[in-house]
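Trainee: Give the three-dimensional model of this entry:
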Amino acid sequence: MDGRKTVTADTVADYYKPYGEYGDGSYAPGDIIEVYDLKKRLRCIIRATKVYTIEFRNIPEEVWRGETFSSAEEFRECHIRCMPHVDLHDHFELVTLHFELVEVAAREVISTS
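Mentor: The predicted structure is shown next:
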């Protein structure tokens, strides 16, 4: 929510899978998206700016930087760890959703007591 992350990537199958009561399973440029945390609290609102497919062997700089990684290799290593159920081979396709922060709805308050 600090505005550094501007891209997220998912498998093609998961990106187009319907979700929730109203979700049709994908976003297009211009869509306004509510982002909720795991406790179902609205955290922020984003606007989709670009959506396109990439191959796992060729991660564009705007994608790995937008996901806040320092390199394409770091992007690949992290996604292999985070998606152990997926065979992320060189030709595996991911959908990238590029977005901009529209509004921060709630910030986590951490108690120090």
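
Trainee: going forward, measure contacts between C-alpha atoms and count neighbours the same way
Mentor: Will do.

Trainee: Buried residues, the strand of greatest length in the chain. List them.
Mentor: Of all the segments of type strand in the chain, defined by DSSP state E, the longest one is strand 42-55. In terms of neighbour count (16 or more other Cα atoms under 10 Å), strand 42-55 has its buried residues at 43-51, 54.

Trainee: Also stretch 2-9?
Mentor: By neighbour count on 16+ other Cα under 10 Å, the buried set for stretch 2-9 is 5-9.

Trainee: which two in these are spaced the farthest apart?
Mentor: Maximum pairwise distance in the buried residues of stretch 2-9, criterion Cα to Cα, is 11.5 Å, between 5 and 9.

Trainee: Just give me the longest helix of this protein.
Mentor: Counting residues, the longest helix found in the chain (DSSP state H) is helix 72-82.

Trainee: For the helix or strand following that helix, which helices and strands make contact with it?
Mentor: Sequence-wise, the next helix or strand downstream of helix 72-82 (DSSP states H and E) is strand 93-104. Using 3 or more Cα pairs under 8 Å, 6 or more residues apart in numbering; DSSP states H and E, the elements in contact with strand 93-104 are strand 7-11, helix 12-15, strand 42-55.

Trainee: and the second one, how far out from the chain's middle?
Mentor: Using Cα atoms, centre = their mean, to the nearest Å, the mean C-alpha position of helix 12-15 is found 12 Å from that of the whole chain.

Trainee: let's have the chain start at 317 instead
Mentor: Noted, 317 is the first residue going forward, which turns the last one into helix 328-331.

Trainee: coming back round to it: now distance to residue 397 and pLDDT too, for the buried residues of stretch 318-325, in TSV please.
Mentor: What follows is the buried residues of stretch 318-325, written out as TSV (distance: Cα to Cα, whole Å; pLDDT from 0 to 100):
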residue	distance to residue 397	pLDDT
321	19	95
322	21	96
323	18	97
324	16	95
325	14	95
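
Trainee: I am finished for the moment; much appreciated.
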